[in-house]
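Student: the following comprises the amino acid sequence and a computationally predicted model.
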Amino acid sequence: MSVNGKSSPAIIISRHRRGPTLGIFATFAAVVVIASSYPASAVERPLTDPEAVGEMNRIETYLNGIKSLKSRFIQINPDGSAWNGDLYVRRPGKFRFEYDPPIPHLLIANGSWFFHVDRALQETNVIPLVKTPAQFLVQENISLKKDFTIKKFEQMPGILQISMVTRDNPDLGEVTLTFSDKPLELRKWTVRDLQDNVTQITLQNTRYGVNLNADLFKYVEQPVNQKAE
């Protein structure tokens with residue numbers, strides 16, 4: 001989502017926005033993402049391969065097993081800039097991206113709606129949560145076959161990657177999830193929009209099953225201009 005031509009957070013894609021240097025997905029140093037996400041040793045598996053099917057079922061079970069998490073994250077934006085912050089997730093339907101100062105953005109999903117607060121611009125954008133590609137993160141019951149179109153599944157030593165788009169809103173972009181293996185754990189994801197702009201989120205020091213204050217996921221009306229999309 002872009003707000004008045006300023007860079008904005010990239011976990012959520014608004015299909016109504018675009019621009020080479022504006023919004024979530026601006027010009028990105030693609031070599032960084034390609035080099036880190038697609039090593040030369042990666043092996044693409046046919047989606048009907050029994051081994052691939054088994055691994056995707058394992059990924060689905062893993063994602064459905066996440067009830068809550070807290071993590072530090074690094075976000076690499078399409079213009080190559082890096083933002084840091086704290087991520088809180090409570091399934092179903094709730095997350096909070098709290099960016100470190102001086103980044104003025106705050107992202108909240110309260111179960112039904114997604115709020116993007118830009119404190120610098122004194123604006124809040126609101127869109128339905130289902131109009132974001134965040135289903136893999138917060139959907140109550142995740143079914144990779146039912147809810148997503150799987151584009152690619154790759155394996156490499158100690159790493160699994162799955163690329164997919166949501167069936168209901170394919171124009172929201174392609175999400176690639178990267179997992180470490182043995183034990184299976186979500187390490188990062190990238191989102192590629194229809195203009196081929198890419199943003200990457202890498203998790204650090206993730207803790208699962210944590211007790212999170214419900215107030216983290218409440219949107220408190222701000223004295224700002226509010227826009228609904």
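Tutor: Received it, and whenever you're ready, just let me know what you need. Residues are numbered from 1 along each chain as shown.

Student: what are the buried residues along the helix ranked longest in the chain?
Tutor: Using DSSP state H, we find that the single longest helix of the chain is helix 50-65. Of the residues in helix 50-65, 52, 55-56, 59-60, 63 count as buried by neighbour count, 16 or more other C-beta atoms under 10 Å. C-beta coordinates here come from the backbone N, C-alpha and C atoms, glycine included.

Student: any idea how many residues pack against the closest residue to residue 53 other than its chain neighbours?
Tutor: Leaving aside its sequence neighbours, residue 53 sits nearest to residue 47 (C-beta to C-beta, 6 or more residues apart in numbering; 7.6 Å). Per other C-beta atoms under 10 Å, the neighbour tally for residue 47 reads 14.

Student: check residue 144 too.
Tutor: Other residues close to residue 144 by other C-beta under 10 Å number 17.

Student: can I assume the residue nearest to residue 53 is in contact with residue 150?
Tutor: Yes - using C-beta atoms under 8 Å, residue 47 is in contact with residue 150, at 5.7 Å.

Student: give the residues shared as contacts by these two.
Tutor: Residues touching both residue 47 and residue 150 (C-beta atoms under 8 Å, 6 or more residues apart in numbering): residue 56.

Student: these two touch, right, residue 97 and residue 114?
Tutor: No - with contacts counted by C-beta under 8 Å, residue 97 stays clear of residue 114, the gap being 10.5 Å.

Student: got any residues that touch both of those two?
Tutor: The contact lists of residue 97 and residue 114 share residue 107, where a contact means C-beta under 8 Å, 6+ apart.

Student: only alpha carbons, please: show the longest strand seen in the chain as PDB.
Tutor: In the chain, taking DSSP state E as the definition, the longest strand is strand 198-208. Extracted in PDB, the C-alpha atoms of strand 198-208 (Å, rounded to 0.1, in the frame of the first residue of the first chain):
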ATOM      1  CA  VAL A 198       9.700  -8.000  -4.600                       C
ATOM      2  CA  THR A 199       9.800  -7.400  -0.800                       C
ATOM      3  CA  GLN A 200      11.300  -9.800   1.700                       C
ATOM      4  CA  ILE A 201      10.600 -10.400   5.400                       C
ATOM      5  CA  THR A 202      13.200 -12.400   7.400                       C
ATOM      6  CA  LEU A 203      12.300 -13.600  10.900                       C
ATOM      7  CA  GLN A 204      14.800 -13.700  13.800                       C
ATOM      8  CA  ASN A 205      14.600 -15.100  17.300                       C
ATOM      9  CA  THR A 206      11.100 -16.400  16.700                       C
ATOM     10  CA  ARG A 207       9.200 -17.700  19.800                       C
ATOM     11  CA  TYR A 208       6.000 -19.800  19.400                       C
END
